[in-house]
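[1] no letters, just coordinates:
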């Protein structure tokens, strides 16, 4: 008889552990503080009931630290998507409480034992976790700068005519800001115009500092990718930021044992929508509206870049068009092709990285 299975439903300050027996019947549940002491108490509870496998919902967020502790304690720890535990809860027409969610997470892992490992990168590779930290810092700076530039564009439009006439009315906002920096602060204008000019010119200095910091972070990401040894940047259309996004979002590439699983995860695999095919292959498919949208975006940009610069890619897309596919369908087919190439690269890179460790052992 297989051992009981545990499930973790984490929150900011607490997490609830639930345990089910091999038949899916609840054994117990208990809530712990989301602290180092709480992790130890939860591990003691799981050990006392002979649990070997634990599912964690949200292991990349509030469940990250408990997931790391469980991996360190040698539990087979898996990430359980919220949709899987919700399906278990709905199938039994249960309410939504921490205890119900924890038990539903355990039942979801029991129903689907091939779920992937936890998404806490510290449990997989500290170097990848560092890449993620730098990448998220850059992402935050870029998002904040983009939002500020939208507001700055509105404020430039409200400048008095005598100042706006000195600026260009088209092109990127950065071009107008460079011209604005050269405007004499003592120009004869309205009080409101003088104030707007003063704070917009002060913004220019902070914007330049933000751009310098973004470039510094991009250089740091490039250095960390060199240390990691990934070959993703050798693929046309995948630069340092796209490569770092792939490395961090995927984590351990061996959690996908087939190209089709990776394609489905990132939303590039078509979904079967067919009937009357009997035991044969489906004859109709539709677009997958789910999947990891960041990775889907990386593959889209790579596809567009390769179409412009790589004759093989342009020929592939043209051939798909002659087969009766629309432009969008041809693009999706090429993204699916790129997804296969990307995950194969990641498998090879991971094998190369693990070889020295295996020899040392």
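    Structure received. Source: prediction; values computed, not measured. Numbering: from 1, shown residues only.
[2] list the contacts of the closest residue to residue 330 other than its chain neighbours.
    Leaving aside its sequence neighbours, residue 330 sits nearest to residue 320 (C-beta to C-beta, 6 or more residues apart in numbering; 3.7 Å). (Each C-beta comes from the backbone N, C-alpha and C, glycine too.) By C-beta atoms under 8 Å, 6 or more residues apart in numbering, residue 320 lies in contact with 329, 330, 333, 334.
[3] out of everything not next to it in sequence, what's closest to the third one?
    Distances taken as C-beta to C-beta, 6+ apart put residue 320 closest to residue 333, at 5.3 Å, once the chain neighbours are dropped.
[4] tell me which other helices or strands the one helix or strand residue 138 maps to touches.
    Here residue 138, judged by DSSP states H and E, is contained in helix 126-157. Applying 3 or more C-beta pairs under 8 Å, 6 or more residues apart in numbering; DSSP states H and E, we find helix 126-157 packed against helix 121-124, helix 173-181, helix 191-228, helix 240-250.
[5] list the buried residues in the next helix or strand after that helix.
    Counting by DSSP H and E, the element after helix 126-157 in chain order, helix or strand, is helix 161-164. For helix 161-164, burial by neighbour count (16 or more other C-beta atoms under 10 Å) applies to 163, 164.
[6] how far away is the nearest residue to residue 153 once chain neighbours are set aside from residue 29?
    Excluding the flanking residues, the one nearest residue 153 by C-beta to C-beta, 6+ apart is residue 173, at 5.3 Å. From residue 173 over to residue 29 the distance is 54 Å, taken as C-beta to C-beta, to the nearest Å.
[7] and what of residue 114?
    On the measure of C-beta to C-beta, residue 114 and residue 29 end up 25 Å apart.
[8] ok so, going back, if you average pLDDT over each of the helices and strands packed on helix 126-157, which is lowest?
    Ranked by mean pLDDT, those bottom out at helix 121-124, with a mean of 78.
[9] outside of that one itself, list whatever touches it.
    Under C-beta under 8 Å, 6+ apart, the answer for helix 121-124 is 60, 64, 67-68, 71-72, 77, 117, 128-129, 132, 248, 251-252.
[10] looking at the helices and strands packed on helix 126-157, which is buried most?
    Looking across these with neighbours counted as mean count of other C-beta atoms under 10 Å, the highest average goes to helix 240-250: a mean of 22.
[11] center of this protein - which residue?
    Centrality entry for the chain: nearest residue to the mean C-alpha point is residue 249, 4.2 Å, by C-alpha atoms, centre = their mean.
[12] show me what contacts it?
    Residue 249 makes contact with 292, 294, 295 under the criterion C-beta under 8 Å, 6+ apart.
[13] chain center to stretch 325-340, what's the gap?
    Its chain's average C-alpha position is 21 Å from that of stretch 325-340, according to C-alpha atoms, centre = their mean, to the nearest Å.
[14] I should have written stretch 4-20 there, sorry.
    24 Å.
[15] got it, and stretch 112-130?
    Taking C-alpha atoms, centre = their mean, one finds stretch 112-130 lying 12 Å from the centre of the chain it belongs to.
[16] for that stretch, buried residues please.
    Buried residues in stretch 112-130, defined by neighbour count with 16+ other C-beta under 10 Å: 115-125, 127-130.
[17] how far does that stretch stretch from start to finish?
    Using C-alpha to C-alpha, to the nearest Å, the end-to-end distance of stretch 112-130 comes to 31 Å.
[18] again with stretch 85-104
    Across its full length, stretch 85-104 reaches 5 Å between end residues, using C-alpha to C-alpha.
[19] and what of stretch 257-272?
    Using C-alpha to C-alpha, the end-to-end distance of stretch 257-272 comes to 20 Å.
[20] which residues touch it?
    So stretch 257-272 is contacted by 250, 253, 256, 282, 284-293, 295-296, 299, 332, 335-336, 338-340, 342-344 (C-beta under 8 Å, 6+ apart).
[21] buried subset of those residues, written for PyMOL?
    Selection of buried members from the contacts of stretch 257-272 for PyMOL, criterion 16+ other C-beta under 10 Å:
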select buried, resi 250+253+256+288+292+295+296+299+332+335+336+338+339+342+343
